[in-house]
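In: Got a predicted model here, sequence first, then my questions.
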Amino acid sequence: MLARAMPGTPRQVEGNSVESLLEILRDDVNLAVWQRQLDLAAKQFGQTLLASGRVLAETCTWTAKDAETSDIAALPEFAQGVADIPGYAEFVADVGYLVSLFACLLDARAVGVRLRTLDKAMCPRWHVDKVPVRLITSYIGPGSEWLSEQNSPRQQLGGPAVDFCNDDAAARALACGEVALVKGERWHGNEGRGLVHRSPRLPVGQRRLLLTLDWLD
């Protein structure tokens, strides 16, 4: 019987087309980034939302029964509290597109959707996610920071020493609008190989608008 070959050193892939996200399906890839340009209307919606000072913490679960023939997932009543802001329809359509993309790629039947305004780092320490894979995109504000495998302090994760293992020069960062698929520890065969990443530090007065999608079923 032939033994299954072990995947090589975890690597990260970036590209300017949506097809770049397909790379996350490779055994040796723990980060796939689509370096896209954000739609202007969606960007202006986010800027207006943050400038208004409103706080948003929206969550919902999209399920396959909601699926339509459209390439955009239906998200009825999503973030209705800010529907008065110009660009809302275009913004929700963009979120719906990402949900559809995520579900199609993974053949997911349920996707957890979280949209939040943040004024501080949500996960400031280097860590790996205890999920199979997560989609992350920052509509406004700096994106998540990550480390290549050679700079990842895996042995120190979860302990206080992790904060002193790497200086800022080792960190890479997602740009605003970029879409990332981050592989975690619960992806089959990926234990001990999840992407090491953290939330960016925010200066006083700066805010982010962050969307995350999780594969629930």
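Out: Looks like it came in fine. Values in this document were obtained by computation on a predicted structure and should not be read as measured data.

In: now what about the helix or strand of the chain with the lowest mean pLDDT, what contacts it?
Out: Within the chain, confidence by mean pLDDT, DSSP states H and E is lowest for strand 197-198 among all helices and strands, at a mean of 90. Applying CB atoms under 8 Å, 6 or more residues apart in numbering, the external contacts of strand 197-198 come out as 121, 123-128, 144-147, 171, 182. In this view, the C-beta of every residue, glycine as well, is placed from N, C-alpha and C.

In: Can you tell me which of the residues you listed comes closest to Gly205?
Out: The closest of those to Gly205 turns out to be Ala121 (CB to CB; 14.4 Å).

In: tell me the contacts of that closest one?
Out: Contacts of Ala121 by CB under 8 Å, 6+ apart are Arg198, Ser199, Pro200, Arg201, Leu202.

In: next SSE after the longest helix anywhere in the chain?
Out: Looking across the chain with DSSP state H, the single longest helix is helix 88-106. Sequence order places strand 110-118 as the next helix or strand after helix 88-106, per DSSP states H and E.

In: what's the burial count for Arg11?
Out: 14 (other CB atoms under 10 Å).

In: can you pull the pLDDT of Val196?
Out: Looking at Val196, its pLDDT reads 91.

In: Setting aside sequence neighbours, what's the nearest residue to it?
Out: Ser152 (4.1 Å; CB to CB, 6 or more residues apart in numbering).

In: per-residue confidence at that neighbour?
Out: For Ser152, the predicted pLDDT is 76.

In: Start from the N-terminal end of this protein and give the helices.
Out: Under DSSP H, the chain gives helices at 40-51, 88-106.

In: Find the nearest non-adjacent residue to the residue nearest the centre of the chain, please.
Out: In the chain, the residue lying closest to the centroid (CA atoms, centre = their mean) is Ile136, at 0.9 Å. Spatial nearest neighbour of Ile136, chain neighbours left out: Ala180 (4.8 Å); criterion: CB to CB, 6+ apart.

In: Bridged to that neighbour, which residues?
Out: Val33, Ile136 (DSSP bridges).

In: what's around it, how many residues?
Out: Neighbour tally, Ala180, other CB under 10 Å: 25.

In: was I right about it contacting Val29?
Out: No - at 11.8 Å, Ala180 does not count as touching Val29 under the criterion of CB atoms under 8 Å.

In: which intervals of the chain have sub-threshold pLDDT?
Out: Along the chain, segments meeting pLDDT under 70 span 1-7, 66-71, 156, 158-169.

In: quick one on the thing from earlier: tell me the one of the contacts of strand 197-198 nearest Gly194?
Out: Val128 (3.5 Å).

In: What residues does that closest one make contact with?
Out: Leu157, Gly184, Glu185, Gly194, Leu195, Val196, His197.

In: let's see it at 6 Å
Out: Applying CB atoms under 6 Å, 6 or more residues apart in numbering to Val128 gives the contacts Glu185, Gly194, Val196.
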